[in-house]
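[1] Take a look and give me a structure for this.
(one chain, ligands or ions: 1)
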Amino acid sequence: MGFENEHIVMLPYMAQGHLIPFLALAKQIQQRTNFTITIASTPLNIQSLQSTIATSSNNTTIHLAELPFCSTDHGLPPNTETTENLPLNKMINLFVASLSLETPARRLISGIIEKEGRPPLCIISDVFFGWANDVADSLGTVNVSFDTSGAYGTAAYISIWLNLPHRSTHEDFFTLPGFPERCRFDISQLHPFLRAADGTDSWSRFFQPQISLSAKSFGWLCNTVEEIEPFGLDILRNYLRLPVWSIGPLIPREALKNSSTLDVSVSRQRAGKKLSFPAEKCLEWLDSHGSDSVIYISFGSQNTISETQMRELAIGLEESGRSFIWVIRPPVGFDLKGEFRAEWLPQGFEERMNKSKQGLLVHNWAPQLEILSHKSTRVFVSHCGWNSVVESLSQGVPIVGWPMAAEQAYNSKMLEEEMGVSVELTRGVQSKIVWEEVKGVIDLVMDESGKGGEMRKNAAVIKEKIRASIRDDDEEKGSSVKAMDDFVAVLLSKRQESSKSSNS
Ligand code: UDP
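    Purely as a prediction, here's the structure:
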């Protein structure tokens, strides 16, 4: 299209699961428009984005800007600038600290206005940064909230925070304003912080105003696909009464081609991570296993399970006799990046798995998208973080849910009840899970003639819908491509309106 003079400023929340889709969004907008894009965050996040962009083979010209930040002012350990490795009881401190980014963000945008003679076309801010609306208003631009989660999960999350419906029931379940009666939610689907929230606690005092402000943005961008979440998008649109553009999936285009396994360099480019286990080894290991035979287990970038759960999961996997790759970290209560101790697993487990080639334990970080795109991968045991969900479905891989935090339990519910691509094993780090249940669910999902086969067929249909949404040729444009074009067109016409009114 070519609108070289326009500028967009992006303000992601400081967590891997937000930074990765923000960067992907920036690249996607830039590829379609040639706009200048500046992503602004705290210094350590900017350094990590810098190394990600530097290792990227694509020639992007995304600008990065540091927003000064002092973690110790907010009761955080020094140099804490992301949720990675942050103890659960300190998560709220990082949210509160993020409010202090308003002043430097305002200063950054004022500087851009001074230099370019007009405000940026828009700010795209994280849903947790409702304050960006005030910044946009006062500086003559608009704020668009970017929702890095799915529509259903977000709608549930917003409705629960703003209505706290569990406060007014004595039952174990509740219905949710905005959701039909049939979608009953269970108290156990609420994270302990949310369960305890009463509107006066520090979590409510952060989330309620920030989400309410974001719900008054100019519009929302959502990392989902119109055809895979019609129900969730209906609820979200009814709730917000704002334009919601579904522009997902924000994953590398190489992963959406109909070819075989991806190159491991894609993971490195995305996350700028050092892979602690030679990534090529994972793929070699998968190559040596049969098609659709391997279970992949991972709980995202910041979660782990309890020691007891870890042991039961290990026994269940071993007893199932199925092959698996497990991204494993120290259990709850230990340093996630610390040394892994064999005593956390059944005696001799890792050696036995290595010797028999039944299982591969990858410590800390694995090339997830490459594993999911490999023909040997059959099912994903996941915490249902939205990036993991989209990555899995884009490869037609069904899911066994083990949601942990944030909106993951609602994602898990939607995957099971609306999409029919998942079955939930358990919830959270406190649940009691025994190895027989693990084996039972594995048997169920690996059974092609029963529920497992059904889930796989449904996942294959979703995969095709995801791929169709990014079609961009003379014959047809997919829904996500159209949504992105519409988003840009709406902003440009808003710009024209504003210039007309300031000239008259
Ligand atoms: N990821 C990865 N390797 C790992 C763990 C995670 O590549 O060993 C990536 C995964 O592919 C996804 C992101 O990290 O893109 C995790 O995001 P998600 O929303 O699933 O969960 P979160 O980490 O935010 O809880």
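
[2] Could you use CA atoms for every contact and neighbour count after this?
    Will do.

[3] what about stretch 305-312, distance to the chain center?
    Centroid separation for stretch 305-312 versus its chain: 24 Å, with CA atoms, centre = their mean, to the nearest Å.

[4] Kindly apply the preceding question to stretch 396-413 instead.
    11 Å.

[5] for stretch 456-470, same thing?
    Distance of stretch 456-470 from the chain centroid (CA atoms, centre = their mean) equals 19 Å.

[6] which residues sit against that stretch?
    225, 227-228, 249, 256, 393-398, 419-421, 477-481 (CA atoms under 8 Å, 6 or more residues apart in numbering).

[7] hmm, 6 Å instead?
    393-394, 396, 398, 421, 478-481 (CA atoms under 6 Å, 6 or more residues apart in numbering).

[8] Compare these and tell me which is most surrounded.
    The most crowded member of those, judged by other CA atoms under 10 Å, is Pro398 (30 neighbours).

[9] Check which helices and strands the helix or strand harbouring Glu436 sits against.
    In this structure, Glu436 sits in helix 435-446 according to DSSP states H and E. Packing contacts for helix 435-446, counted by 3 or more CA pairs under 6 Å, 6 or more residues apart in numbering; DSSP states H and E, involve helix 307-320, helix 451-469.

[10] average model confidence for the last one?
    Yep, that's helix 451-469 we're talking about. Mean pLDDT, helix 451-469: 97.

[11] Which is the succeeding secondary structure element to it?
    Next along from helix 451-469, by DSSP H and E: helix 479-503.

[12] looking at it, Ile295 is touching Phe324, isn't it?
    Yes - Ile295 is within contact range of Phe324, at 4.5 Å (criterion: CA atoms under 6 Å).

[13] Flag the shaky bits of the protein, pLDDT-wise.
    Filtered on pLDDT under 70, the chain yields the residue ranges 1-4, 55-60, 259-261, 263-277, 504.

[14] Nearest residue to Trp161 in space, ignoring adjacent ones along the chain?
    Gln208 (6.3 Å; CA to CA, 6 or more residues apart in numbering).

[15] Can I take it that the one you found is in a strand?
    No - with DSSP: H, G, I helix; E, B strand; the rest coil as the criterion, Gln208 is located in helix rather than a strand.

[16] Could you give the number of residues near it?
    Gln208 - counted by other CA under 10 Å - has 18 other residues nearby.

[17] State the distance from it to Thr83.
    For Gln208, the distance to Thr83 equals 20 Å [CA to CA, to the nearest Å].

[18] And for stretch 409-420, what's in contact with it?
    Contacts of stretch 409-420 (CA under 6 Å, 6+ apart): 153, 189, 384, 401, 403, 421-423, 455.

[19] could I get those as TSV with distance to the ligand and secondary structure?
    Shown next, in TSV, are the contacts of stretch 409-420 (distance: CA to the nearest ligand atom, whole Å; DSSP: H, G, I helix; E, B strand; the rest coil):
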residue	distance to the ligand	secondary structure
Gly153	12	helix
Gln189	16	helix
Cys384	6	coil
Gly401	12	strand
Pro403	10	coil
Val421	16	coil
Ser422	15	strand
Val423	17	strand
Met455	20	helix
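
[20] farthest-separated two in those residues?
    Across the contacts of stretch 409-420, no pair lies farther apart than Gln189 and Met455, at 22.3 Å, counting by CA to CA.

[21] Of those two, give the one with the bigger neighbour count.
    Met455 (25 against 22).

[22] Relative to Arg106, how far out is the nearest residue to the more buried one once chain neighbours are set aside?
    Residue nearest to Met455 in three dimensions, not counting chain neighbours: Val421, with 4.4 Å by CA to CA, 6+ apart. Val421 is 43 Å from Arg106, where distance means CA to CA.

[23] what does Lys439 give?
    54 Å.

[24] likewise Lys482?
    Lys482 is 32 Å from Arg106, by CA to CA.

[25] What's the local residue count around the closest residue in space to Pro403 that isn't next to it in sequence?
    Nearest non-adjacent residue to Pro403, counting by CA to CA, 6+ apart: His383, 4.2 Å away. When neighbours are counted by other CA under 10 Å, His383 registers 29.

[26] for His383, what are its contacts?
    299, 401-404.

[27] Kindly recompute the last result at 7 Å.
    His383 makes contact with 299-300, 401-404, 408 under the criterion CA atoms under 7 Å, 6 or more residues apart in numbering.
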